[in-house]
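> I would like the atomic coordinates for the input below:
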Amino acid sequence: MGKPTGFLEIERSDRTYDKVAARLKTWKEFVQPLAAPQVGEQAARCMDCGIPFCHQGCPVNNQIPDFNNLVYRDQWKAALENLQSTNNFPEFTGRVCPAPCEASCTLNIQDNPVTIKTIECQIVDRGWDEGWITPQMSPRGTGKRVAVVGSGPAGLACAQQLARAGHAPTVFEKSDRIGGLLRYGIPDFKMEKHLIDRRVRQMEAEGVIFRAGFEVGVTVSVQRLLDDYDVLVMAGGAEQGRDLEVPGRELSGVHYAMEFLTQQNKRVAGDSEAIAAPTGTISAAGKHVVVIGGGDTGSDCIGTSNRHGAASVTQLEIMPQPPAHENKAMTWPDWPLKLRTSSSQEEGCERDFAVATKRAIGADGKITALECVRLEWVAGDDGRMHMREVAGSEFTLKADLVLLAMGFTGPRVSGVVDSSGVELDPRGNVAANVANYQTSVRNIFACGDMRRGQSLVVWAIREGRQCARAVDEALMGASKLPR
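Numbers count the residues shown, from 1 in each chain. Sure thing, here's the model as predicted:
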């Protein structure tokens, strides 16, 4: 244990943000890290619990009390080795993970939790700055080739683990750059893309081959991959956005969030407008923007719209407004339902809860407004809560641009899924269990969002690591890869 009385003596302190006016002028990250002595002080708050519930909260099972203790003792390199033994990409999770580990922190019962996410991020960032993170090559090869379809966090984690086990993985990505939804789904102001690029360089040195611009099932067939490789791993994202099935959906100016976000990420990467927006530019500049959906993707649309110079941004959520504070006695150590305000929402946004969209109104084929209605949630005879419209609550909201950020329904079934012949589960995801990640087709495995549905980056990393272990066992009969 770092400091037995640390949690009694030290208050929680976290990273700060640049001022709103400054950060809206750039697409760079705006989080200011803590000084190293402050990080050590925050690590001292860890209670080193007899039962560390933060392990349960963390999908990759980071050994949080251990690396907290090492940081407190100024043993940063050892802390990095510990962290990377469970998490391939702490610089990703240290920026975009909602930190369920902190919700599970024992100190969170009656106080503020340890700043686990900040400590994790600063461990790995220091590791890169100090040159401690280098390629980890396998001492010998197995001669086994694995095709990994999808270069998001699940595919990258799976490929890296397989390469370190001595196999020869090739990652196929349909987009022009590696990274999947990390690359084109997360704005640069939340996670700059050079972080992906340096991991790709590390993985190439470890023996991973990357093939961008290859859409499996279109550019190259599944059967060709099965002929050329011993195993195929389906690790694509849940890319099928939930649609808004209302009259007027076809109007110009109504777009999926990912169309909007991908265009901007391509612009930041230096692509010309013809490459970034081949079907037409989607811009929020000077427009009244309505974002439908209250999750992370909706928040990303808000931050991007504000940086475009939107006239106004309104976010609609179909669920009722959560309480400002959770009932910890009821929820801890699970992820609590409470009102959260993202950095993008802080930059300027009107939020409205328990609202449904009834109709899109337009003129000359373009969106001009949304017709909405308020909802209430009532208990039904089946004991479940049901929503119903509030009589007479209809209202109209001015809208020049509507962004659909209502979540994802699962992977795209065209291409790799259809042509592989794998079975789907009732939710439309690729059916594979977590015991061996095996699908209904021999030598095809599935992990990440393609298997479990829309989820967190940290869950994708866990699934990629677990799937790599299952593939290694299938190829070699036993596995030495960590879980």
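
> Off-centre distance for the lowest-mean-pLDDT helix or strand in the chain?
Taking mean pLDDT, DSSP states H and E as the measure, helix 416-420 is the helix or strand of the chain with the lowest mean score, a mean of 87. Relative to the chain's own centre, helix 416-420 is displaced by 24 Å; criterion: C-alpha atoms, centre = their mean, to the nearest Å.

> show me where the stretch 301-450 of the chain has helices.
According to DSSP state H, counting those that start in this stretch, the stretch 301-450 of the chain carries its helices in the segments 328-331, 343-346, 416-420, 449-452.

> meant to ask about the stretch 101-250 of the chain
Using DSSP H, counting those that start in this stretch, helices in the stretch 101-250 of the chain cover 116-130, 153-164, 181-184, 194-206, 222-228.

> any idea which of those is most buried?
Highest mean neighbour count of the helices of the stretch 101-250 of the chain: helix 153-164, a mean of 29 (counted as mean count of other C-beta atoms under 10 Å). Backbone N, C-alpha and C define where each C-beta goes, glycine included.

> centre of the chain versus that helix, how much separation?
17 Å.

> Tell me the helices and strands packed up against that helix.
strand 145-149, strand 168-173, helix 194-206, helix 457-476 (3 or more C-beta pairs under 8 Å, 6 or more residues apart in numbering; DSSP states H and E).

> With mean pLDDT and distance to Pro33 as extra columns, can I get these in a markdown table?
Below are those laid out as a markdown table (pLDDT from 0 to 100; distance: least, C-beta to C-beta, whole Å):
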| stretch | mean pLDDT | distance to Pro33 |
| --- | --- | --- |
| strand 145-149 | 98 | 33 |
| strand 168-173 | 98 | 31 |
| helix 194-206 | 98 | 14 |
| helix 457-476 | 97 | 20 |
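
> Check the contact between Glu371 and Thr357; I expect there is one.
Yes. Glu371 is within contact range of Thr357, at 7.4 Å (criterion: C-beta atoms under 8 Å).

> check contacts around the residue nearest to Cys121 when sequence neighbours are not counted.
In space, and not counting its chain neighbours, Cys121 is closest to Gly94: 2.7 Å by C-beta to C-beta, 6 or more residues apart in numbering. Residues in contact with Gly94 (C-beta atoms under 8 Å, 6 or more residues apart in numbering) are Lys117, Thr118, Glu120, Cys121, Gln122, Val124, Asp125.

> 7 Å instead, please
Lys117, Glu120, Cys121, Val124 (C-beta atoms under 7 Å, 6 or more residues apart in numbering).

> ok, now how distant is the residue lying closest to the last one once chain neighbours are set aside from Leu316?
Setting aside the residues directly before and after it, Val124 is nearest to Pro90 in space (C-beta to C-beta, 6+ apart), at 3.9 Å. According to C-beta to C-beta, to the nearest Å, Pro90 and Leu316 sit 34 Å apart.

> Looking at those two, which has the bigger crowd around it?
Pro90 (27 against 24; other C-beta atoms under 10 Å).

> Sketch out the low-pLDDT regions of the protein for me.
Within the chain, the stretches with pLDDT under 70 are 1, 480, 483.

> Which residue of it lies farthest from its centroid?
No residue in the chain sits farther from the centre than Gly392, which is 38.8 Å out by C-alpha atoms, centre = their mean.

> Ok, which of the helices of the stretch 101-250 of the chain comes nearest Ala311?
helix 181-184 (26.1 Å; C-beta to C-beta).

> For that closest one, name the packing helices and strands.
Secondary-structure packing of helix 181-184 (3 or more C-beta pairs under 7 Å, 6 or more residues apart in numbering; DSSP states H and E): helix 257-268.

> Now the element after the helix it packs on, going C-ward?
helix 273-276 (DSSP states H and E).

> what's in contact with that next one?
Gln263, Lys266, Arg267, Thr281.

> Determine which two of these are furthest apart.
Lys266 and Thr281 (11.3 Å).

> Of these two, which one has the most company?
Lys266 (21 against 12).

> For that one, list the residues it contacts.
Ile275, Ala276.

> any idea how far it is from Ala274?
From Lys266 over to Ala274 the distance is 11 Å, taken as C-beta to C-beta.

> Equivalent analysis for Lys366, please.
For Lys366 relative to Ala274 (C-beta to C-beta), the value is 23 Å.

> Which one's more surrounded, those two?
A direct count of neighbours by other C-beta under 10 Å for Lys366 and Ala274 places Lys366 higher, at 12 against 8.

> Setting aside sequence neighbours, what's the nearest residue to the more buried one?
Closest to Lys366 by C-beta to C-beta, 6+ apart is Ser252, at 4.8 Å.

> wait, what's in contact with the one you found?
Contacts of Ser252 (C-beta under 7 Å, 6+ apart): Gly365, Lys366, Ile367.

> Output those as CSV; include the columns distance to Gln345.
As requested, these are exported to CSV (distance: C-beta to C-beta, whole Å):
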residue, distance to Gln345
Gly365, 31
Lys366, 27
Ile367, 23
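
> any idea how far the residue lying closest to Thr281 once chain neighbours are set aside is from Ser283?
Spatial nearest neighbour of Thr281, excluding adjacent residues (C-beta to C-beta, 6+ apart): Glu273 at 6.2 Å. When distance is defined by C-beta to C-beta, Glu273 is 10 Å away from Ser283.

> Is Arg95 in contact with Asp188, as I believe?
No. Contact criterion C-beta atoms under 7 Å: Arg95 and Asp188 do not qualify, at 11.0 Å.

> joint contacts of those two?
With C-beta under 7 Å, 6+ apart, Arg95 and Asp188 have no common neighbours.

> I'd like to know how many residues surround Ile275.
With other C-beta under 10 Å as criterion, Ile275 counts 13.

> What separation do you get for it and Leu375?
For Ile275 relative to Leu375 (C-beta to C-beta), the value is 41 Å.

> if we can go back for a sec, the helices of the stretch 101-250 of the chain: which one's closest to Ala147?
Among the helices of the stretch 101-250 of the chain, if distance is taken as C-beta to C-beta, the winner is helix 222-228, at 4.5 Å.

> contact partners of the least confident helix or strand of the chain?
Outside helix 416-420, the residues touching it (C-beta under 7 Å, 6+ apart) are Val149, Val216, Gly217, Ser221, Val222, Met234, Gly236, Pro411, Val430, Val441, Ile444.
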